[in-house]
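**Student:** Sharing a model that was predicted from the sequence below.
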Amino acid sequence: MAITWITRLRAAATSLCRTVRHYQLLCAKESFCIQRNFSVTAIQRSNPDDVAIVTKWRDSVLGRQAVLWDRMDSRQVTLLDQTIRPYLPCNYPSMPRNPKIGDVAQGTAMPPSAHLVYFPSHANELELSPDGYHADEAPPEPFSQRVWAGARIEFNISNPLRVGEMASQTKSIESVQVKERQNADPLVVVGLTLSIHNTNGLCVTEFRDLIYMKPVYLQRRVLKYNRAPDFCHEIIPTEVLMFRYSALSWNSHRIHYDSVYARNVEHHPGLLVHGPLTCTLLLQLLQANMPKGMTLKTFDYRALSPLYCQQKLTLNGRWMKPLLDSADGSTDSGAKACELWATNDEGGLAMKGVATIVPVAPNGQ
């Protein structure tokens, strides 16, 4: 009986967290218009059938699950390391290598967010959306333009993904919400849940949010974030980085590698840096500054405005007050929180999140 009630409480908490996240995402998106952080001009106005179209699609996809299997191949994580290491501080830790072939050694714990370059979709090109992204996650026309809105990633520190092992990813659409707005077209917020298991059980859970809208002209405005970082690192993303990460993550969204499409169709000034790539770079910045004996437990972040290729990008981190033990809120469990954020070439906030780190498990995993 106790287990049943615990299960119900956990489910209710998960539902509440996603509701809060959707509210935060809507507020963030609205702030682009209201606070002039990000100016949006609609090309096509809404009509009374829009909500009905999305509702019908929602009813057909809610709860649908897709299971993908993949081996945590050492060459894949080695290529990821080769792709991002030039953009990380020199103190970014190295991973043990196989002395014969040079790849990351079997059994090595995967770096945070490396799961984003595994479990490629089985869809062929004809099954993709016109923009090159996954059609199975997208509502029908006219909501054809997407924004990677953010995610919460939870890592099971006692059972990390390891190089060489088989793992499964279960992805499901958990929520579809139409957000009506005054004097603007509605937004469609699609909430995905991804859970990754190895032979020992759960390794990673990700609650991902995507926002879909009618085609718009996007004009970035600058939202300053006046916090002094404890550590930071500046980079300039290149076309090579965009191509390599797109290939590694099997992400054919054309805004990341097709500059003609990005400029002429979605009206960006250039190629966009992937939201998952920015997330990955922020987490690896944290790894480079991780206190001894600590490991990443969670990362909850929002993407607030786009970052562009060949423009300066600054990765920032700032330690926050120690967290209280989650059991009763009265004792210090040793957990710490770190605020991570990325800014664009004008110093404007582009991505912001909070990572939780905890002491390494006693067994050393």
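**Tutor:** The structure has been received and is ready for your questions.
**Student:** how about the strands in the protein?
**Tutor:** Taking DSSP state E as the test, the strands found in the chain are 38-42, 65-71, 145-155, 166-181, 184-198, 201-213, 216-220, 231-235, 294-303, 313-319, 336-343, 349-359.
**Student:** can you list these in a markdown table and add distance to Val260 and mean pLDDT?
**Tutor:** Backbone N, C-alpha and C define where each C-beta goes, glycine included. Shown next, in a markdown table, are these (distance: least, C-beta to C-beta, whole Å; pLDDT from 0 to 100):
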| stretch | distance to Val260 | mean pLDDT |
| --- | --- | --- |
| strand 38-42 | 21 | 39 |
| strand 65-71 | 31 | 96 |
| strand 145-155 | 17 | 93 |
| strand 166-181 | 31 | 92 |
| strand 184-198 | 26 | 92 |
| strand 201-213 | 22 | 95 |
| strand 216-220 | 17 | 69 |
| strand 231-235 | 25 | 98 |
| strand 294-303 | 24 | 97 |
| strand 313-319 | 23 | 97 |
| strand 336-343 | 26 | 97 |
| strand 349-359 | 24 | 96 |
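**Student:** Tell me which of those strands sits nearest to Tyr87.
**Tutor:** Tyr87 sits nearest to strand 231-235 of all the strands of the chain, at 4.5 Å, using C-beta to C-beta.
**Student:** Indicate each strand paired with the closest one and its parallel or antiparallel sense.
**Tutor:** strand 313-319 (antiparallel) (DSSP bridges).
**Student:** quick one: pLDDT of the residue positioned nearest the centre of the chain?
**Tutor:** When the chain is reduced to its mean C-alpha position, the nearest residue by C-alpha atoms, centre = their mean turns out to be Pro276, at 4.4 Å. As predicted, Pro276 sits at a pLDDT of 96.
**Student:** Spit out the contact partners of it.
**Tutor:** Residues near Pro276 by C-beta atoms under 8 Å, 6 or more residues apart in numbering: 113, 116, 148, 249, 251.
**Student:** now with 7 Å?
**Tutor:** Contact analysis of Pro276 by C-beta atoms under 7 Å, 6 or more residues apart in numbering lists 116, 249.
**Student:** a markdown table for the strands of the chain, including mean neighbour count and distance to Asp136?
**Tutor:** Formatted as a markdown table, the strands of the chain follow (neighbours: other C-beta atoms under 10 Å; distance: least, C-beta to C-beta, whole Å):
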| stretch | mean neighbour count | distance to Asp136 |
| --- | --- | --- |
| strand 38-42 | 15 | 26 |
| strand 65-71 | 13 | 7 |
| strand 145-155 | 22 | 13 |
| strand 166-181 | 17 | 8 |
| strand 184-198 | 20 | 10 |
| strand 201-213 | 20 | 12 |
| strand 216-220 | 16 | 23 |
| strand 231-235 | 17 | 33 |
| strand 294-303 | 20 | 21 |
| strand 313-319 | 19 | 31 |
| strand 336-343 | 22 | 29 |
| strand 349-359 | 21 | 25 |
